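*Asks:* Here's a sequence, model it:
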Amino acid sequence: MKLLADEGIDKPIVDRLRQTGFDVHYILETNPGAEDELILSISNSEERILLTQDKDSGELVYRLHSSHSGVILIRLAGLSPNIKAAIVSKMLSEHRSELQNAFTILQPNAMRIRK
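*Replies:* Have a look, this model is predicted:
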């Protein structure tokens, strides 16, 4: 599975995903400060699911009807980066086949996947 992590994603999440075999393009390493539209464009051109903590991505997808290869909005505020990494890694492993071209919201005790 190919992912694009925007710069708001904690580095331990990126590291954990890479260690477990996910192909992760980390925007902080290649395009720091990139606008949301550019990030979504890169995600689409590389056919990567976007990992973000930025609610503006939801606006781009739903209100503006921007195309996407999939978006995962991570809402795990208040948890340590290592706990977030474990939750995200587990969710991706368990729901891999459902996430392409879907908008997913991940919260501490809930997950919603919308196609």
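*Asks:* Isn't residue 7 up against residue 32?
*Replies:* Yes - under the criterion of Cβ atoms under 8 Å, residue 7 makes contact with residue 32 at 6.0 Å. (Glycine included, C-beta is placed from N, CA and C.)
*Asks:* what touches both of these two?
*Replies:* With contacts taken as Cβ atoms under 8 Å, 6 or more residues apart in numbering, not a single residue reaches both residue 7 and residue 32.
*Asks:* Comparing those two, which residue is more hemmed in?
*Replies:* Shown here are residue 7 and residue 32; by other Cβ atoms under 10 Å, residue 7 has more neighbours (17 against 9).
*Asks:* Doesn't the more buried one lie inside a strand?
*Replies:* No - remark: residue 7 does not belong to a strand; assigned using DSSP: H, G, I helix; E, B strand; the rest coil, it is coil.
*Asks:* Contacts only, for it.
*Replies:* Applying Cβ under 8 Å, 6+ apart, one finds that residue 7 lies in contact with 26, 27, 28, 32, 33, 34.
*Asks:* Got phi/psi on the second one?
*Replies:* Per-residue torsions, residue 27: phi -60, psi -30 (degrees, to the nearest 10).
*Asks:* what number of residues lie near it?
*Replies:* Summarising burial for residue 27: neighbours were counted as other Cβ under 10 Å, giving 23.
*Asks:* from memory it sits against residue 36, does it?
*Replies:* No - counting by Cβ under 8 Å, residue 27 stays clear of residue 36, with 10.5 Å between them.
*Asks:* What is the nearest of the contacts of residue 7 to residue 13?
*Replies:* residue 26 (9.6 Å; Cβ to Cβ).
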